[in-house]
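[1] Attaching a predicted model along with its sequence, questions to come.
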Amino acid sequence: MESETSRSRILIIDDNQPDRLLYQRALPGFKVEFADSDEAKFARLVREPFDLIILGLQLPELSSERMLTWIRSELCLELPVVVVIDGDCESLAVDWLERGANDYLTKDELPTRRVAATVRGVLERNRLDHARRAAEQELRRQQEEYDLALRQLRDAQTHLVQSEKMASLGQLVAGIAHEINNPLAYVSNNVAVLDRDVHGIVALMTEYRNALGGSVPEAIRLAEARIDLEYTLENLDRLIASTKQGLQRVREIVVGLRDFSRIDANDRKLISPNDAIRTTLEMVRYQIRHKGINLVVDLGELPLISCFAGKINQVLLNIIMNAIQAVDPGATITVRSWSSPEKQEVYLSLSDNGPGIPESIQDKIFDPFFTTKPQGLGTGLGLWITANIVKEHQGRIELQTDPAQGTTFTLIFPIRCADLP
């Protein structure tokens, strides 16, 4: 802390010479420089790399209010600003904080240690705020990276399926998966480092709070309230968690692409179909809310089934997204599950009350490259891939559709596949 303090440059705007002496005594170890309220002189000074500005009481050229506005609006400086007020008036202090000040001191506190403590506190909060912004910016950048990787995966899958040289399909997909896995590993490692560093920052703040005990200065409480510190920290955790979920989704797509092309031998595992439904619904929750769709979920008690988990998620995602795109705003989508112990089967049903599927195309919807969407908005591969995945799991799809009642897809899976011991 002392080494950091010795490197901190403080610019004090105050024309009162006696007060300048008080500042010098109250801020030992800081690099303190003074300026008067003359705009031209001040503008030259602020081009230098200061860490904090203190606005004093004696500003004959400009009022403190005008000076603060000038710093924030005209010079567009984000440096932390501490103002000195005359008297210990809480309403006046709050008013300054609302104007853009980071903290305040009273005139009576200038000869005390409170000056250095306040400056250190503001500098530390400013450092943490910069760290938070940098972490958020890095998370957004990495979000864009894995979004790009996801788009590349989808494009690659389309080109591979359309390729006439099916004999080279495995090699092509292996190369694509390898190229995507490299940046994916880089992004994953960076997210892990960010997660660690963010929690380190939180731990540091906790130590500061513990050191202060119950005697947290009112100014610090006000400053924390102004930036809504607790919400910010919670939001960082959510950003990191959602980024990890997104990365996991990209990994699942890579695995799904490999499985589909028979690149990697992949073992089946026992999963809960209801968990797969919940995971998929969570992924499309934004689309459902955005379109104002009423979602009805009725999940029965199911046994575990043996399957490729990523592929089952892909099947559910394809059908649910088709339903979301087919219905009007305010429509209803119903998801149900149940089992038949006698038949040793589980049933996953996805229904909508949309316009239904015309009879003339019902026998084509599972054909590759068949789509009713405008050119460029659909590849016609979703339901074809879905049908192949269900067939691979020794299951079947039943379709019920009526223009007056909507469409229901029922996925039927055996509880235990015949090729398993």
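    Yep, it's here. Every value quoted in this text rests on a predicted model; they were computed, and no experiment measured them. Numbering: from 1, shown residues only.
[2] only C-alpha atoms for contact and neighbour calcs from this point on.
    Noted.
[3] Quick one: low-confidence residue ranges for the stretch 251-400 of the chain.
    In the predicted model of the stretch 251-400 of the chain, residues 252-267, 374-380 satisfy pLDDT under 70.
[4] now with 50?
    259-265 (pLDDT under 50).
[5] Now whatever helix or strand residue 319 lives in: buried residues?
    Using DSSP states H and E, residue 319 falls within helix 309-326. Going by neighbour count (16 or more other C-alpha atoms under 10 Å), the buried part of helix 309-326 is 309-321, 323-324, 326.
[6] Could you measure from residue 71 over to residue 101?
    10 Å (C-alpha to C-alpha, to the nearest Å).
[7] Which of these two has more residues huddled nearby?
    Taking neighbours as other C-alpha atoms under 10 Å, residue 71 and residue 101 compare with residue 101 leading, 23 against 19.
[8] can you give me phi and psi for that one?
    Main-chain dihedrals, residue 101, degrees, to the nearest 10: phi -70, psi 150.
[9] I'd assumed residue 84 was in contact with it.
    No: taking contacts as C-alpha atoms under 8 Å, residue 101 lies outside contact range of residue 84: 10.4 Å.
[10] Helix, strand, or coil at residue 78?
    Following DSSP: H, G, I helix; E, B strand; the rest coil, residue 78 is assigned to coil.
[11] For it, which residues are in contact?
    Neighbouring residues of residue 78 by C-alpha atoms under 8 Å, 6 or more residues apart in numbering: residue 72.
[12] And the helices in the stretch 251-400 of the chain, which stretches?
    273-283, 285-290, 309-326, 382-392 (DSSP state H, counting those that start in this stretch).
[13] which stretches of the protein form strands?
    Here the chain has its strands, by DSSP state E, at 9-13, 31-35, 52-55, 81-85, 103-106, 269-271, 294-299, 305-307, 332-340, 345-352, 396-402, 406-414.
[14] what bridges to the nearest residue to residue 35 once chain neighbours are set aside?
    Leaving aside its sequence neighbours, residue 35 sits nearest to residue 13 (C-alpha to C-alpha, 6 or more residues apart in numbering; 5.0 Å). Taking DSSP bridges as the rule, residue 13 bridges to residue 35, residue 55.
[15] I'd say residue 13 and residue 53 touch.
    Yes: Residue 13 is within contact range of residue 53, at 7.4 Å (criterion: C-alpha under 8 Å).
[16] Against residue 272, how distant is the nearest residue to residue 409 once chain neighbours are set aside?
    Once flanking residues are discounted, residue 409 sits nearest to residue 399: 4.9 Å by C-alpha to C-alpha, 6+ apart. According to C-alpha to C-alpha, residue 399 and residue 272 sit 23 Å apart.
[17] So which residue is smack in the middle of this protein?
    residue 239 (3.1 Å; C-alpha atoms, centre = their mean).
[18] So what does residue 371 look like in phi/psi?
    Dihedral angles (degrees, to the nearest 10) for residue 371: phi -150, psi 150.
[19] what's the lengthiest helix in the chain packed up against?
    What stands out as the longest helix in the chain, according to DSSP state H, is helix 114-162. Contacts defined by 3 or more C-alpha pairs under 8 Å, 6 or more residues apart in numbering; DSSP states H and E place helix 114-162 against strand 103-106, helix 169-212, helix 229-260.
[20] packing partners for the last one?
    Spelled out, it's helix 229-260. Short answer (3+ C-alpha pairs under 8 Å, 6+ apart): helix 229-260 packs on helix 114-162, helix 169-212, helix 309-326.
[21] Where does pLDDT dip in the stretch 1-150 of the chain?
    1-3, 61.
[22] cutoff 80 now
    Counting by pLDDT under 80, the stretch 1-150 of the chain has low-confidence residues at 1-7, 15-16, 35-49, 56-78, 86-93, 95, 99.
[23] I figured residue 83 was touching residue 99, is that so?
    No: checked against C-alpha under 8 Å, the pair residue 83 and residue 99 is beyond contact range at 10.8 Å.
[24] If you count surrounding residues, which of those two has more?
    Higher neighbour count among residue 83 and residue 99: residue 83, with 24 against 13, using other C-alpha under 10 Å.
[25] burial measure for the residue nearest to residue 409, as a count.
    Residue 399 has 13 nearby residues by other C-alpha under 10 Å.
[26] And for residue 183, the neighbour number?
    By other C-alpha under 10 Å, the burial measure for residue 183, its neighbour count, is 14.
[27] now residue 390
    19.
[28] Find the nearest non-adjacent residue to it, please.
    residue 396 is the one closest to residue 390 (C-alpha to C-alpha, 6+ apart), at 6.0 Å.
[29] With residue 345 instead?
    Closest to residue 345 by C-alpha to C-alpha, 6+ apart is residue 414, at 4.5 Å.
[30] Spit out the contact partners of residue 414.
    Here residue 414 is in contact with 305, 344-346, 393-395 (criterion: C-alpha under 8 Å, 6+ apart).
[31] Domain boundaries for this structure, per the record?
    The chain breaks down by automatic domain parsing into domains covering 2-112, 120-260, 269-414.
[32] quick one: the first one to chain centroid distance?
    From the chain centre to the centre of domain 2-112 is a distance of 36 Å (C-alpha atoms, centre = their mean, to the nearest Å).
[33] Over to the longest one?
    Remark: domain 269-414 is offset 27 Å from the chain centroid, using C-alpha atoms, centre = their mean.
[34] One more: the second one?
    Chain-centre distance of domain 120-260: 7 Å, with C-alpha atoms, centre = their mean.
[35] Give me the neighbour count for the spatially closest residue to residue 233 that is not a sequence neighbour.
    Closest residue to residue 233 apart from its sequence neighbours, by C-alpha to C-alpha, 6+ apart: residue 202 at 7.6 Å. Per other C-alpha under 10 Å, the neighbour tally for residue 202 reads 14.
[36] Could you measure from residue 202 over to residue 369?
    Counting by C-alpha to C-alpha, the gap from residue 202 to residue 369 is 51 Å.
[37] Contacts only, for residue 111.
    Neighbours of residue 111 in contact, by C-alpha under 8 Å, 6+ apart: 22-23, 25-26.
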